[in-house]
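A.B. asks: For reference, the sequence and a predicted model appear below.
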Amino acid sequence: MEKVLKIQKKLKKNIFYETYLFGNILFDKQDYEKALKKYETALSLIDEKNISKKISIIYSKSKTYEKIYETKKDENFLFEAFENYQKTDSIIYEMFNSVENVEKNIFYDLKNFYNDANSNALKLYFLKNKEKFVSKSYDFLEKEKFLNSIILQKFLSVKKNNNDNIQAKREISDENLMIISYKINKSEIIFYLKAKNFISVKKLEIKIDTLEKKINDFIISIKKINYDNFCKNSHFLYNILISPFEEEIENKTKLLIIPYGFLYRLPFEALLCQSPEKNTKNNYSKLNYLIKYFEISYNYSETEWNKFKEKKIIDNNSLICFAPIEWEKNWDTLLHSEEEIENIILLSRKSNISYKKYIYENATEKNFLLSSLMKKYIHISSHGFFNEENPKLSGIIFKNPPDELTDSNTLDDFLNAKEMFNLKINANLIVISSCKILKITNMNENASRSMTNGFFCSGVSNVIYSMWERKLTTKQQKIL
């Protein structure tokens, strides 16, 4: 019987490869509808454990749906492409969560076994090998994440689910909300708009290099406090990124923005809906910011946003602040971070927010982990950085970090992105006031969000990063 099952399994595998190959041939011949049927058949034959092949087939289906849409101009095919893209995104996300949960359990088990290593030598050996397996799993997932970033370059970050139960769960009930998903191609921006009982897709042709340059100039104008450049670039970006669907959001009060690529750098709140009047020269408070008209929030996808809707809200109105301020070696002193914390605490008193602060030698990773649970607001003023080659080495520096930073799960006063995935913070807002935390290049846009993704997985609803350079001595004023 076992031999028969092996033969059946091998036969099924051969049929799968032949079907998938035939689908690719039909696709190359531009017979897209027949190719689609072959891909669907191949997907039904694939071993569920073969994640890589499964992602490849779903990607092929998405590409085929897009080709059919280009021919028939029926938006239903475009939405099918979005839905299949979402499946790849969800598969990889769930895999990360699974591996991270395994790693978390290993971490706590290892701590217990290290206390009695001699009597538990065999168990320790077993856990070490399991830890190596987790490390290899991470390497595999990083590769899959890179493959998924290629898919992101092909399809819009929007979704449509044909399953009635899931669709009902994803239905937008808030009449005041508009979800805006962006997709950037070589020569155009695509806007996917979704509200209650409303879906629309819009396109705008533009030189993408010009758009990215404008965003960089806009961010520089914020850092350098250049009023004229700020106003000029801000209104230009509004006309490109918001104006095409002004009518659709006219009666809305909330915007959920799902950026794409370098748009993750852009603070949409600061976009100007109108050019400034002459009498407002150098008066930033008189400008017509987008935030004056809409409550603005961000997320990676509508799927993740739906998860946060079910999150338990912390209503204890509490704040906790961390600022190491100075270090014995390797890290420059941040003289103004203490003043920054004190000003934030002053504001919290006026708003009847309970608070606690950890500064100087008390600003440790251990105190952060012990004290951040069930706090509504968290503020960290410290050094931080982004590692492009190894995103898991992006992190936040507490009081006594080691000379060599690693991605280990230890209380070493370096909170790395890998550790963030395993936290249970659940805060409504965390503010990372750090000068180097957002070192982003065009080569690794997806990886640049590793820390934010880690905080989201830990339960944080909103994350804010500062963009200020350390030499700006008035950073605390800008944070406030």
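C.D. replies: All right, it came through fine. Numbers count the residues shown, from 1 in each chain.
A.B. asks: any weak-confidence spans in this protein?
C.D. replies: Applying pLDDT under 70 to the predicted model, the residue ranges of the chain that meet it are 1-8, 48-49, 85-86, 88-170, 307-315, 387-388, 407, 409, 435-450, 467-480.
A.B. asks: Going along the chain, name the helices of the stretch 1-150 of the chain.
C.D. replies: Assigned helices in the stretch 1-150 of the chain, in chain order: 2-28, 32-45, 51-72, 75-114, 121-152 (criterion: DSSP state H, counting those that start in this stretch).
A.B. asks: okay, the second one in CSV with CA atoms only?
C.D. replies: Yep, that's helix 32-45 we're talking about. Coordinates of the C-alpha atoms in helix 32-45 are reproduced here as CSV (Å, rounded to 0.1, in the frame of the first residue of the first chain):
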residue,chain,number,x,y,z
TYR,A,32,-4.1,33.7,-21.6
GLU,A,33,-7.5,32.2,-20.8
LYS,A,34,-6.3,28.7,-21.5
ALA,A,35,-3.1,29.4,-19.6
LEU,A,36,-5.1,30.5,-16.6
LYS,A,37,-7.0,27.2,-16.5
LYS,A,38,-3.7,25.3,-16.6
TYR,A,39,-2.4,27.3,-13.7
GLU,A,40,-5.5,26.7,-11.7
THR,A,41,-5.2,22.9,-12.4
ALA,A,42,-1.5,23.0,-11.4
LEU,A,43,-2.4,24.8,-8.2
SER,A,44,-4.8,22.0,-7.3
LEU,A,45,-2.1,19.4,-7.8
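A.B. asks: so how far is it from its chain's centroid?
C.D. replies: Computed by Cα atoms, centre = their mean, to the nearest Å, the separation of helix 32-45 from the middle of its chain amounts to 32 Å.
A.B. asks: Likewise for stretch 258-272?
C.D. replies: Its chain's C-alpha centre lies 13 Å from the corresponding centre of stretch 258-272 when counted by Cα atoms, centre = their mean.
A.B. asks: Kindly check the end-to-end length of that stretch for me.
C.D. replies: For stretch 258-272, the separation between the terminal residues is 19 Å (Cα to Cα, to the nearest Å).
A.B. asks: Pull out the buried positions in stretch 396-405.
C.D. replies: Judged by neighbour count (16 or more other Cβ atoms under 10 Å), stretch 396-405 contains these buried residues: Ile396, Ile397, Phe398, Lys399, Pro401, Leu405. For every residue, glycine as well, the C-beta is placed using N, CA and C.
A.B. asks: Now tabulate the residues you listed in a markdown table and tack on secondary structure.
C.D. replies: Rendered in a markdown table, the data for the buried residues of stretch 396-405 read as follows (DSSP: H, G, I helix; E, B strand; the rest coil):
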| residue | secondary structure |
| --- | --- |
| Ile396 | strand |
| Ile397 | strand |
| Phe398 | coil |
| Lys399 | coil |
| Pro401 | coil |
| Leu405 | coil |
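A.B. asks: Now the two most distant members of the residues you listed.
C.D. replies: Checking the buried residues of stretch 396-405 against each other with Cβ to Cβ, the farthest-apart pair comes out as Lys399 and Leu405, at 14.4 Å.
A.B. asks: Backbone torsions only: list them for Glu188.
C.D. replies: In terms of degrees, to the nearest 10, the main-chain angles of Glu188 are phi -160, psi 160.
A.B. asks: Look up how far Leu211 lies from it.
C.D. replies: 10 Å (Cβ to Cβ, to the nearest Å).
A.B. asks: Of those two, which one has the most company?
C.D. replies: The neighbour comparison of Glu188 against Leu211 (other Cβ atoms under 10 Å) goes to Leu211, with 20 against 13.
A.B. asks: who's in contact with the residue lying closest to the more buried one once chain neighbours are set aside?
C.D. replies: On the basis of Cβ to Cβ, 6 or more residues apart in numbering, the spatially nearest residue to Leu211 that is not a chain neighbour turns out to be Ile240, at 6.4 Å. Contacts here follow Cβ atoms under 8 Å, 6 or more residues apart in numbering; on that basis Ile240 touches Ile189, Leu204, Ile206, Leu211, Lys214.
A.B. asks: switch to 10 Å and redo it
C.D. replies: The contact partners of Ile240, taken as Cβ atoms under 10 Å, 6 or more residues apart in numbering, are Ile189, Leu204, Ile206, Thr210, Leu211, Lys214, Ile215, Leu271.
A.B. asks: Now the helix or strand that contains it: buried residues?
C.D. replies: When secondary structure is defined by DSSP states H and E, Ile240 falls within helix 227-241. If you call a residue buried by 16+ other Cβ under 10 Å, then helix 227-241 has these buried ones: 227, 230-241.
A.B. asks: what does stretch 57-75 give?
C.D. replies: Using 16+ other Cβ under 10 Å, the residues of stretch 57-75 that count as buried are 57-69.
A.B. asks: Would you reformat these as CSV and include distance to Glu277?
C.D. replies: Compiled in CSV, these are given as follows (distance: Cβ to Cβ, whole Å):
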residue, distance to Glu277
Ile57, 56
Ile58, 52
Tyr59, 50
Ser60, 54
Lys61, 52
Ser62, 47
Lys63, 49
Thr64, 52
Tyr65, 48
Glu66, 45
Lys67, 49
Ile68, 50
Tyr69, 44
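A.B. asks: Got phi/psi on Lys202?
C.D. replies: According to degrees, to the nearest 10, the main-chain angles of Lys202 amount to phi -130, psi 150.
A.B. asks: Please give the element, helix or strand, for the residue nearest to it when sequence neighbours are not counted.
C.D. replies: Take Lys202 and drop its neighbours on the chain: the residue closest to it by Cβ to Cβ, 6+ apart is Phe191, 4.5 Å away. Secondary-structure element containing Phe191, defined by DSSP H and E: strand 188-195.
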